[in-house]
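# Generate coordinates for the sequence data below:
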Amino acid sequence: MRTRFEEQLTHLNNALIEMGALVERTIADADKALIGQDVELAKKIIASDDEIDHMEQEIESLCLKIILQQQPVAGDLRLVSSVLKIATDLERIGDHATDISEITILLAGKQYLKKLEHIPQMAEATMKMVTKSIDAFVKKDLELAREIIASDDIVDNLFDTVKAELVELIKMNKDNSDQAIDLIMIAKYFERIGDHATNIAEWVVFSLTGMHKDSRIM
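Here you go, the predicted structure:
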């Protein structure tokens, strides 16, 4: 029975790694499409959201099957519960990449108000957070998970910088308003991706310690 359980957990781990890898590529492509004003790439990102949704559903189904068939307790139950939460956060990251791509299409063919500098930095930072959060889960690395949680301030600070710069451009010329607001929304979506990566790291901490945001759950 335990051997079957271990096989299911391995399958679950592999499914989560595969989903995480796809989400990481999606963030990178969303950034690339934005910078290059690549409409076709943006459309591919939007189309790939269905695949991410399907992966979440498969992971959810496997988690529920494990809970019903194996009735895990203690650490095993924390592990399976954490995977359910992590898959949800990964799915939301995919949604935000789609949101960014939809705005990219709207902005296609228009010259940007200013060189995109801090938004790509946000994209790079969030990609690293997602990658490291999945690594922390796979390797059961508590310190790495806590490092990711602390690094969310970097993304938040970059968002504040982007917002301040674009608001200043609006003040200088109201004709800048529409594009500036679109770019602020893109930065906000990247900021939310950082939040979801932080959530993943927090669920890694929970899977290892039973603590979630300084509260003991199980």
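# tell me which residues of stretch 159-170 are tucked away?
Residues of stretch 159-170 classed as buried: 159, 161, 162, 163, 165, 166, 169, 170 (neighbour count, 16 or more other C-beta atoms under 10 Å). The way it works is simple: take the backbone N, C-alpha and C, and place the C-beta from them, glycine included.
# can you list the residues that contact it?
For stretch 159-170, the external contacting residues (C-beta atoms under 8 Å, 6 or more residues apart in numbering) are 113-114, 118-119, 122, 176-177, 180-181, 183-184, 187-188, 190-191.
# again, but for stretch 36-50
Contacts of stretch 36-50 (C-beta under 8 Å, 6+ apart): 22, 26, 29-30, 32-34, 94-95, 97-98, 101-102, 104-105, 107-109.
# Now go through those and say which are in helices.
Of the contacts of stretch 36-50, the ones assigned to helices by DSSP state H are 22, 26, 29-30, 32-34, 94-95, 97-98, 101-102, 104-105, 107.
# What is the nearest of those to residue 140?
Ranked by distance to residue 140 (C-beta to C-beta), these are led by residue 22 at 22.4 Å.
# who wins for most neighbours among the contacts of stretch 159-170?
Neighbour counts for the contacts of stretch 159-170 peak at residue 190, which has 30 neighbours (criterion: other C-beta atoms under 10 Å).
# Is that residue in a helix, a strand, or coil?
Secondary structure state of residue 190, per DSSP: H, G, I helix; E, B strand; the rest coil, is helix.
# That one contacts residue 123, correct?
Yes. Here residue 190 reaches residue 123: they are 5.8 Å apart, a contact under C-beta atoms under 8 Å.
# Neighbours of residue 172, how many?
Residue 172 has 10 nearby residues by other C-beta under 10 Å.
# got the contact list for the most centrally placed residue in the chain?
The centroid of the chain falls nearest to residue 93 when counting by C-alpha atoms, centre = their mean (3.7 Å). Residue 93 makes contact with 23, 26, 27, 130, 193, 196, 197 under the criterion C-beta under 8 Å, 6+ apart.
# Next secondary structure after the helix or strand hosting the fifth one?
Under DSSP states H and E, the secondary-structure element containing residue 193 is helix 177-209. Beyond helix 177-209 in the direction of the C-terminus, DSSP H and E gives the next helix or strand as strand 211-212.
# For that following strand, name the packing helices and strands.
helix 177-209 (3 or more C-beta pairs under 8 Å, 6 or more residues apart in numbering; DSSP states H and E).
# how about stretch 14-25: buried residues?
15, 16, 19, 20, 23, 24.
# same thing with stretch 7-14?
Going by neighbour count (16+ other C-beta under 10 Å), the buried part of stretch 7-14 is 8, 9, 12.
# now the strand or helix carrying residue 69: how far from the chain's centre is it?
Here residue 69 sits within helix 39-70, counting by DSSP H and E. Helix 39-70 sits 13 Å away from the centroid of its parent chain (C-alpha atoms, centre = their mean, to the nearest Å).
# mean confidence for that helix?
In this model, helix 39-70 has a mean pLDDT of 95.
# How about stretch 86-95?
Rounded mean pLDDT across stretch 86-95 is 98.
# Repeat that for stretch 117-125.
Here the average pLDDT along stretch 117-125 is 96.
# from here on, count from 44
I'll keep to 44 as the first residue from here, and by that count the last item is stretch 160-168.
# what comes into contact with that stretch?
Under the contact criterion C-beta under 8 Å, 6+ apart, stretch 160-168 has outside partners 70-71, 73-74, 77-78, 194, 197-198, 201-202, 204-205, 208, 226, 229-230, 233-234, 237.
# No more questions from me, cheers.
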